[in-house]
Each structure stands twice: as structure tokens, then as C-alpha cells.
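Student: I would like to see how this sequence folds:
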Amino acid sequence: MHVHFIAIGGSAMHNLAIALSRKGAVVTGSDDEIFEPSLTRLQKQGILPSAMGWDASRIHTDLDAVILGMHAREDNPELLAAKALGLPIYSYPEYLYEQSKTKTRVVIGGSHGKTTITSMLLHAVAKLGLEVDYMVGAQLEGYDCMVKLTETAPIMILEGDEYLSSPIDRRPKFHLYHPHIALLSGVAWDHINVFPTFENYVDQFAQFIALIEANGALVYNQEDPVLQDLAKNVTHCQQIPYCTPDFVPTENGTRLTFEDQTYDLKVFGAHNLQNLMGAMYVGQQMGIKTSDFLSAMTDFTGAGKRLQKVIEHPSFVMFKDFAHSPSKLKATTAAVAQQYKNREVIACMELHTFSSLQKAFLPQYNGAMVAADQALVYFSPEVVAHKKLPMLSAQEVAEGFGGGVLVCESTQEVLTFIEGQDWHNKVLLMMSSGNFDGIDYDALGAQIVAKL
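Tutor: Purely as a prediction, here's the structure:
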């Protein structure tokens, strides 16, 4: 089997390339630029392209498959050559489906919580010694590759992203997986450059539900009104609703009570506990007893960049989180405020994505940081210009959040605000899908603690 990757350096693509190489396939690839950590990982596996750039001569009839990444354009010379030769061309999700046709497919979808729920499942199956294949959309601690493909695993767990599959396939990725067991965590409008209305966005989830295999299972968050509505019309598969369980915050995390059993967990916050219930019911469909699942989760500390503790001091703690959409922002801020009721919570977030930097989308953030004692919102005018979007003003951003937030337009302004605080008995929460254009979280946390 010889597989060629066009745009091999992508965060998802390079993981699949490594997984296929480890499975025994001959893997080649191309890209016009490859950044870390993809570059080092591909090099270590021995599949880093010898030269950057596109070259149609790499495409030949001995190739069994060509996998096309989102970074490539429709006029890519290698893609055109593959089409001319009539080679099988797959998007990333299409090829994952090809690799899992004979397996029970478990797909974790929703606008938020996908990576956390998927990582919870992987943590449990690893502790219980179960063999599964998987694909996760973010780097998790303890894994050197976020895709695993084998001939022997009976189950494949897939994080189901609703974004587009490839430059020539406009279907959402999760429409291509046809799950036997599916989970939906919630629906909150996102990717407005692709789904211009909320109704259009919701329809993608309705289509996903319709693609669940007959007699399969839909595990869904019954506290989400959109999912409640969508579930009403489901007749071809089993419905398994879940909700936030009874729990009590503790000094080191959470005490959860379920079916008269008590479990001390290291994760905290209603949103995380809700995710845990969803993962537990998916696990149950996979044959895992609920008591075994929850026991396995007692040492789970969270997914990478999801409420990840940067530094802790007796009177100060700092977290970083991937939260950037309104629903994620609200859930994460509320979780920290609930966990640290006796401390002042200062929350900083960066508007970084295409959706978040659009004036029409800003009202979706109204009240998203209300749980914080102080809230700061940062956006870079340079990034807005780079994305070729209409320029935003600080006032428009503040109004979008419903007021009560400090708006900064430079990284230095953010640092000046943070350095001007007295951090005794406080929590700092940094939320972004980026890094505030260069803030070193570890160095910042160490600098704050050094002054305490």
C-alpha cells in the first residue's frame, strides 16, 4: 500500500500519515511549508518530504491512494495530476472511514467538549486494557500520535468535527463517519464563514444524526435545547440522554455521587462533569460498566489545553484553556468561578477565529464572561486585517460582550493589565485558541508567583 499526502504537514494530516506508516504503508507527502511540531514528528518517522513545494512528478500510477488536506488549493498541481490519472482521492475523514469500515465506529460530536470527551474515553479504555483505534483532533499528553490504526482493534473512536472535509469536498467531516455509537455534546453556532445562519449550522447536526447506523445509539446532552428538539424525531436508533450529575467541589477537584457510589475526581466544573456523563454512557454502549468507567476516571486530569493548570501557589493559581467560542467561554469561566468561590477570578480571552472576529457574530458573546470578577478581551487589529475582515473597534467588542469587559488591542496592554494586579488569593484564566500573539504562559505564571 502506497499512500501520498498532499499537504502532509497539517495538524491532522501528519498524524494520519504517521499512523499509516506505523501500520506498514509506504507513505510519501508534500507541502509548501511545514511547521513544528509536525516537521520533527514527520522527520522522526522518516516521512518528511525531501523538499518543500508541490511537484506533479510525485503523482504516479503506483499510488494506491491520495489524501488531500485542507491546506491545499483546488488548482494544486499534484491534485490535478492525481485527477488526470484517475487515482482514488480521499479527504482526511473519508480515509479514516475506509480504515474503519469493519469496526464499530464511535463518533464524538458537538460544538464543544469533543476533545475532552474523547480523551476521557481513551483514558478509560487504556486503564481497562481495551484495544481501540482512534483519532483525536488535539494533542493529548502521553501520546506521540493522535491517530492509531490497526487491523485488530474492533472499535474506532473518532472525534467528529463539523468543519469541511477538504477543498473539493464541502461536506462536514463528521458526515463521513457513519457511526454505530454517536455522542452530541451541544450545539452552539460556529464557523459562520461556512454555515452563514444558525439554522444552516443546526441542520448539519440533524444530518449527522440521520447518518447513525440503523439500530445504533445516540448519546446526547438533554440540557441542550437544540439537541432536545433534534432527538424528538429520531426513530432509527436508540436514544440515551445525559445531564450534569450531582457533585460537590473539593480542594483537589470534585466528589461525584452516582448510583450510590462516591468517586473523587481531579477534574472540576459542571461542564466537565456533564462531559464525563456523556463519555460514561458511550463507554456503556462499548461494553464498559459504569462503575468501572468512573473508577478509571479518578486520576484523569483533563485534556491538553482544556483547563490546564499552568502554575499553582498557596494563594494563586493560573489556568490556560482552549476556550474561544461563546459557549466554551461561558462554561469554562463558570467552572473556575464555582471551583474557587473564595477567590477573585480574572479571566482573559483572545478573539482569534474567523467567526469571533466578525462584528455580526460578537453579540453571541453577550454575558459569556459574567462569572468572572474581572474580564479582559484581546483582539489584534493586524489579525483582523490578515483575515481580510472589516475592522473592529474596542467599543464594538465591549458591546458584543454586553459591557463589563476591558478590551485590549495589543499583547503589551494585556501584560500591563496582568502585571498591575495584586495576585494574592486570585485565579488567572487565559483562554484562547492561539496564545495572545506570543505570551509565554509558563513564564508569565512564574513571574507572578515570584512576586507573591
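
Student: Can you name the residues in contact with the helix or strand residue 201 falls within?
Tutor: Remark: residue 201 resides in helix 198-210, with elements defined by DSSP states H and E. Contacting residues not belonging to helix 198-210 are listed as 109, 160, 162, 172, 174-175, 182, 184, 187, 189-192, 195, 218, 226-227, 230-231, 234, 236 [C-beta atoms under 8 Å, 6 or more residues apart in numbering]. C-betas here are computed from N, CA, C, even on glycine.

Student: ok, of those, which come out buried?
Tutor: Among these, those scoring as buried are 109, 160, 162, 172, 174-175, 182, 184, 187, 189-192, 195, 218, 226-227, 230-231 (criterion: 16 or more other C-beta atoms under 10 Å).

Student: Find the nearest non-adjacent residue to residue 174, please.
Tutor: The shortest distance from residue 174 to any residue that is not its chain neighbour, by C-beta to C-beta, 6 or more residues apart in numbering, is 3.4 Å, and that residue is residue 160.

Student: Now the one you found. Its backbone dihedrals?
Tutor: The main-chain torsion angles of residue 160 are listed as degrees, to the nearest 10 and equal phi -100, psi 90.

Student: For it, which residues are in contact?
Tutor: If a contact means C-beta under 8 Å, 6+ apart, then residue 160 has 107, 108, 109, 114, 173, 174, 177, 179, 182, 208 as its contacts.

Student: So which residues of the stretch 201-350 of the chain form strands?
Tutor: Applying DSSP state E, counting those that start in this stretch to the stretch 201-350 of the chain gives strands spanning 217-221, 238-242, 247-250, 253-258, 261-265, 308-313, 316-321, 344-350.

Student: Need those in JSON lines (columns: distance to residue 94 and mean pLDDT).
Tutor: Shown next, in JSON lines, are the strands of the stretch 201-350 of the chain (distance: least, C-beta to C-beta, whole Å; pLDDT from 0 to 100):
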{"stretch": "strand 217-221", "distance to residue 94": "23", "mean pLDDT": "98"}
{"stretch": "strand 238-242", "distance to residue 94": "27", "mean pLDDT": "98"}
{"stretch": "strand 247-250", "distance to residue 94": "40", "mean pLDDT": "92"}
{"stretch": "strand 253-258", "distance to residue 94": "38", "mean pLDDT": "94"}
{"stretch": "strand 261-265", "distance to residue 94": "37", "mean pLDDT": "96"}
{"stretch": "strand 308-313", "distance to residue 94": "32", "mean pLDDT": "93"}
{"stretch": "strand 316-321", "distance to residue 94": "32", "mean pLDDT": "95"}
{"stretch": "strand 344-350", "distance to residue 94": "33", "mean pLDDT": "97"}
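
Student: Tell me which of those lies nearest to residue 273.
Tutor: Comparing those by their distance to residue 273 (C-beta to C-beta), the top pick is strand 247-250, with 5.2 Å.

Student: Need the residues that contact the closest one.
Tutor: Surrounding strand 247-250, the residues in contact under the criterion C-beta under 8 Å, 6+ apart are 254, 255, 256, 257, 264, 268, 270, 273, 338, 339, 341.

Student: which of the residues you listed count as buried?
Tutor: Burial by neighbour count, judged by 16+ other C-beta under 10 Å, picks out 254, 256, 268, 270, 273, 339 from those.

Student: tally of neighbours for the closest residue to residue 406 other than its chain neighbours?
Tutor: Spatial nearest neighbour of residue 406, excluding adjacent residues (C-beta to C-beta, 6+ apart): residue 376 at 4.7 Å. Taking other C-beta atoms under 10 Å as the criterion, the count of residues near residue 376 is 20.

Student: What angle do strand 344-350 and the host helix or strand of residue 376 make with each other?
Tutor: With the criterion set as DSSP H and E, the secondary-structure element containing residue 376 is strand 374-378. Angle of strand 374-378 versus strand 344-350, following axes from the mean of the first three to the mean of the last three C-alpha atoms, to 10 degrees, is 10 degrees.

Student: Strand 374-378: what's the following helix or strand?
Tutor: Read in the C-terminal direction, the helix or strand following strand 374-378 is helix 381-386, with elements assigned using DSSP H and E.

Student: and that following helix, C-alpha only, in CSV?
Tutor: Extracted C-alpha coordinates of helix 381-386, given in CSV (Å, rounded to 0.1, in the frame of the first residue of the first chain):
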residue,chain,number,x,y,z
PRO,A,381,-6.2,44.6,14.5
GLU,A,382,-3.4,43.0,12.5
VAL,A,383,-5.0,39.6,12.6
VAL,A,384,-8.4,41.1,11.6
ALA,A,385,-6.7,42.7,8.6
HIS,A,386,-4.8,39.5,7.8
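
Student: excluding its backbone neighbours, what's nearest residue 374?
Tutor: Nearest-residue entry for residue 374: residue 346, 4.6 Å, with adjacent residues in sequence omitted and distances by C-beta to C-beta, 6+ apart.

Student: which of the contacts of residue 160 are buried?
Tutor: The neighbour-count test (16+ other C-beta under 10 Å) marks 107, 108, 109, 114, 173, 174, 177, 179, 182, 208 as buried among these.

Student: What are the contacting residues of stretch 124-131?
Tutor: Outside stretch 124-131, the residues that reach it (C-beta under 8 Å, 6+ apart) are 132, 150, 152-155, 157, 279, 283, 286, 288, 292-293, 296-297.

Student: Go through those and name the one nearest residue 369.
Tutor: Each of the contacts of stretch 124-131 was scored against residue 369 by C-beta to C-beta, and residue 279 proved nearest at 26.8 Å.

Student: and the gap between the closest one and residue 413?
Tutor: Distance of residue 279 to residue 413, computed by C-beta to C-beta, to the nearest Å: 39 Å.
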